[in-house]
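Peer 1: after the sequence you'll find the predicted model.
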Amino acid sequence: MDKQFYWTKKQIREQQSVVQGMIPPTMVITNATYLNSYRKIWMHGNIWIHEDRIVYLGHDMPENKVGTDVIDATGQFIVPGYIEHHAHPFQLYHPLTFAKYAAERGTTTLINDNMMFLFHLDKKRVFSLVDDLQKTPATMLWWARYDGQTEFKNVHDMFSGSNMKAWIDHPYVVQGGELTDWPSVLNGDDNMLHWMLETKKARKPIEGHLPGAGKKTLTRMALFGVDGDHESMTGDDVLNRLDVGMTTSLRYSSIRPDMPRILQELHGIGFKQYDHLLMTTDGSPPHFLKRGVMDHLIKLAIDEDVPIVEAINMCTINVATHYHMDDVMGMIAPGRLANLNFLPSKKNPLPTDVLAKGLWVRRNNQPCFPDITLDWEKYGFLPLELDWDLTRKDFLFSMPLGLEMVNEVIMKPYQINHDLTCEELSEQNDECFLMLIDKHGEWLVSTVIKGFSTKIYGFASSFSNTGDLILIGKSKQGLLDAFHHLKRKKGGIVLVDRVGIVADIPLDISGMLSTLTMNNGLIEEEENLRNALIERGYPFKDPIYSLLFLSATHLPFVRITPKGIFDVKNKRVLFPSIMR
């Protein structure tokens, strides 16, 4: 397919010639038992594929098979390639390594968050990268964010009119959102509403982010144009969203593994209408994806008595229909992308063979996604060079307000009532020093975080929502040691004790992303770090999300941001960042 996400006149004429018998198809799958997504039945026949497109379904065989690859699918069950519609492809892994891992398990299409691109790349380079990613076997589509879900100083540059227009109109961008700053729209932000309306004019849906929203709020957001939401936490949440006409996603993620319970609640009231339900892993970190991507979620749905055809439709045709793309993907029919999963049985959604754009990415139960290397520096992801240093005079903790963790991602304010001029905090409590420092060394915010750990000596991360540095620890010297390790490594996540490094994750791509693939070390590195933090008193399950959301102002109640300590509800800076 060309850049317009469709086929050229020349390609379509060639595909017509295949059907007419004038030229051979590139592949024919014979004896196929395949899913008819519209009729929700299994059918039998032959599937002709030319290059990356399905051109014929039926019982005929092509008259011309010179050079055609003929595949006998006897005993297999063929379904469309799965679609992850709510991917955050920057959770230590990068978009290509996540696409490889997902495609080799049958998730051949990702609809991706564009947040990190907004923070790190200029418009020309980012769209060059978007185009190059689309040249891989994976189908890589994108969101257009309306806000940066934190408080930072160059917000108007990132969300300028020219940037927003370019993202919304790009052919590989298929939705607006996710709309994390929806309260601003409710409170009269006409600039954001303008871009929402531009998204609707482009016939692209808007994804909400509406945790805990009641019926009246959901009604108002539907009037603003929100088409779908993934924040349901109960069966009633799902029903409320469906009742206002929103496509509703069931989530099974590292911090919100709600889907099985939600399905139990829905089935308890006799719910059987799945056509407007989707599924998502919602950007889970590497360790959580060990059991799979959408294949795992389909299995969980089947285990909760969702019929397999409905479970598959929830991450294929339902998604394609919601995004107005069912003419090119999401089902096995003429004119659609040749994204096909060959299942060993109707009860096992993990395919033994996978075609992505007509190319094998899993064959005979062995992953075979092509080895593709990107020059990240070409796109603007430069190495993290910390050409500045911390000194003892930076470790001044005089702020009276600290952050207390309620869970991995929710933080409330608490009053600091003891002396912070000490060298170390006691291991008898769960308070640690916390610093957010500009990656260019221009400003910092210093406070205390309660609930992160009881025993961390020093911890440093360049992985964060904004790309700035996070330091956490009981010891000021530990903070300094961790920073120096991070500086030498040019970014990453480093946990140190008094004698050296305990665990680390090198993040060679701008201090934010790993060059390792999921199965070639990244899962192990993350698990080692996670286990080491838990041993030192981290009480939750997902420290990667804790780091990512320290600055995320779409969550209650207070955040540490580039502007300072921020009150989310009242949208005001409580204590500003300090220039160095």
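Peer 2: Done, it's in.
Peer 1: tell me the spacing between Y93 and G511.
Peer 2: Separation of Y93 from G511 (Cβ to Cβ, to the nearest Å): 15 Å. To be clear about C-beta, it is placed using only N, CA and C from the backbone, and glycine gets the same treatment.
Peer 1: of the two, which one has the most company?
Peer 2: A direct count of neighbours by other Cβ atoms under 10 Å for Y93 and G511 places G511 higher, at 27 against 24.
Peer 1: how close does that one get to I493?
Peer 2: From G511 to I493 the distance is 10 Å (Cβ to Cβ).
Peer 1: do A460 as well
Peer 2: Noted for A460: a distance of 7 Å to I493, by Cβ to Cβ.
Peer 1: same check on V55?
Peer 2: Taking Cβ to Cβ, one finds V55 at 48 Å from I493.
Peer 1: compare those two and say which is more crowded by neighbours.
Peer 2: Between V55 and I493, I493 has the larger neighbour count (other Cβ under 10 Å), namely 29 against 23.
Peer 1: any idea what the more buried one is bridged to?
Peer 2: Beta-bridge pairing for I493 (DSSP bridges): S461, I505.
Peer 1: now do the contacts for it.
Peer 2: Contacts for I493 (Cβ atoms under 8 Å, 6 or more residues apart in numbering) come out as 459-463, 504-505, 507, 529, 547.
Peer 1: can you list the residues you listed in TSV and add distance to L434?
Peer 2: Output for the contacts of I493, formatted as TSV (distance: Cβ to Cβ, whole Å):
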residue	distance to L434
F459	10
A460	12
S461	11
S462	15
F463	15
D504	19
I505	20
L507	20
L529	18
L547	11
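Peer 1: top of these by number of neighbours, please.
Peer 2: Of all the contacts of I493, F459 has the most neighbours under the rule other Cβ under 10 Å, reaching 32 neighbours.
Peer 1: distance of the spatially closest residue to it that is not a sequence neighbour from L479?
Peer 2: Spatially, and ignoring its direct neighbours in sequence, F459 is nearest to I472 (4.5 Å; Cβ to Cβ, 6 or more residues apart in numbering). Using Cβ to Cβ, one gets 8 Å for the distance from I472 to L479.
Peer 1: mutual contacts of these two, please.
Peer 2: Both I472 and L479 are in contact with 433, 435, 460, where contact means Cβ under 8 Å, 6+ apart.
Peer 1: ok, the last one - contacts?
Peer 2: Residues counted as contacts of A460 (Cβ under 8 Å, 6+ apart) are 469-472, 479, 482-483, 485-486, 493-494.
Peer 1: what about 6 Å?
Peer 2: 471, 482-483, 486, 494 (Cβ atoms under 6 Å, 6 or more residues apart in numbering).
Peer 1: what about K216, helix or strand, and which?
Peer 2: K216 is part of helix 215-224, with elements assigned from DSSP states H and E.
Peer 1: any idea how far D69 is from the residue sitting furthest away from the middle of the chain?
Peer 2: Farthest-out residue of the chain from its mean C-alpha position, per Cα atoms, centre = their mean: E63, at 44.6 Å. Going from E63 to D69 by Cβ to Cβ gives 17 Å.
Peer 1: just I78 next, same as before
Peer 2: With distances taken as Cβ to Cβ, I78 is found 15 Å from D69.
Peer 1: still on that earlier bit, C-terminal to the helix holding K216, what's the next element?
Peer 2: Downstream of helix 215-224, the next assigned helix or strand under DSSP H and E is strand 228-229.
Peer 1: show me what the helix holding K216 is packed against.
Peer 2: For helix 215-224, there is no helix or strand it packs on, judged by 3 or more Cβ pairs under 6 Å, 6 or more residues apart in numbering; DSSP states H and E.
Peer 1: recalculate using a threshold of 10 Å.
Peer 2: Identification of packing neighbours for helix 215-224 by 3 or more Cβ pairs under 10 Å, 6 or more residues apart in numbering; DSSP states H and E yields helix 182-186, helix 190-201, strand 206-208, strand 228-229, helix 235-243.
Peer 1: now render the ones you listed as a markdown table, adding distance to Y6.
Peer 2: Shown next, in a markdown table, are the helices and strands packed on helix 215-224 (distance: least, Cβ to Cβ, whole Å):
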| stretch | distance to Y6 |
| --- | --- |
| helix 182-186 | 32 |
| helix 190-201 | 20 |
| strand 206-208 | 23 |
| strand 228-229 | 24 |
| helix 235-243 | 31 |
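Peer 1: low-confidence ranges, the stretch 151-300 of the chain, go.
Peer 2: 154-156 (pLDDT under 70).
Peer 1: and E431, what is it in contact with?
Peer 2: If you count contacts by Cβ atoms under 10 Å, 6 or more residues apart in numbering, E431 has them with 402, 404, 414, 416, 418, 420, 425, 448-454, 474.
Peer 1: among those residues, which ones are in strands?
Peer 2: Among the contacts of E431, the members falling in strands (DSSP state E) are 402, 404, 414, 448-450.
Peer 1: so how do I select the buried members of those residues in ChimeraX?
Peer 2: The ChimeraX command for the buried members of the ones in strands among the contacts of E431 (criterion: 16 or more other Cβ atoms under 10 Å) is given here:
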select :402,404,414,448,449,450
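Peer 1: quick check, nearest of the ones in strands among the contacts of E431 to G148?
Peer 2: Set against G148, the nearest of these by Cβ to Cβ is I449 (22.1 Å).
Peer 1: give me the element the spatially closest residue to the closest one that is not a sequence neighbour is part of.
Peer 2: In space, and not counting its chain neighbours, I449 is closest to L434: 4.0 Å by Cβ to Cβ, 6+ apart. Using DSSP H and E, L434 falls within strand 431-437.
Peer 1: using CSV, write out every CA atom in that strand.
Peer 2: Only the C-alpha atoms of strand 431-437 are listed here, as CSV (Å, rounded to 0.1, in the frame of the first residue of the first chain):
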residue,chain,number,x,y,z
GLU,A,431,9.8,8.2,52.9
CYS,A,432,12.5,8.9,50.2
PHE,A,433,14.0,12.0,48.8
LEU,A,434,12.6,12.8,45.3
MET,A,435,14.0,15.1,42.6
LEU,A,436,12.8,15.9,39.1
ILE,A,437,15.6,17.5,37.2
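Peer 1: average pLDDT across that strand?
Peer 2: Strand 431-437 shows a mean pLDDT of 98.
Peer 1: partner strands of it, with direction?
Peer 2: strand 443-450 (antiparallel), strand 469-473 (antiparallel).
Peer 1: any idea of the angle it forms with strand 401-405?
Peer 2: On the basis of axes from the mean of the first three to the mean of the last three Cα atoms, to 10 degrees, strand 431-437 is oriented at 110 degrees to strand 401-405.
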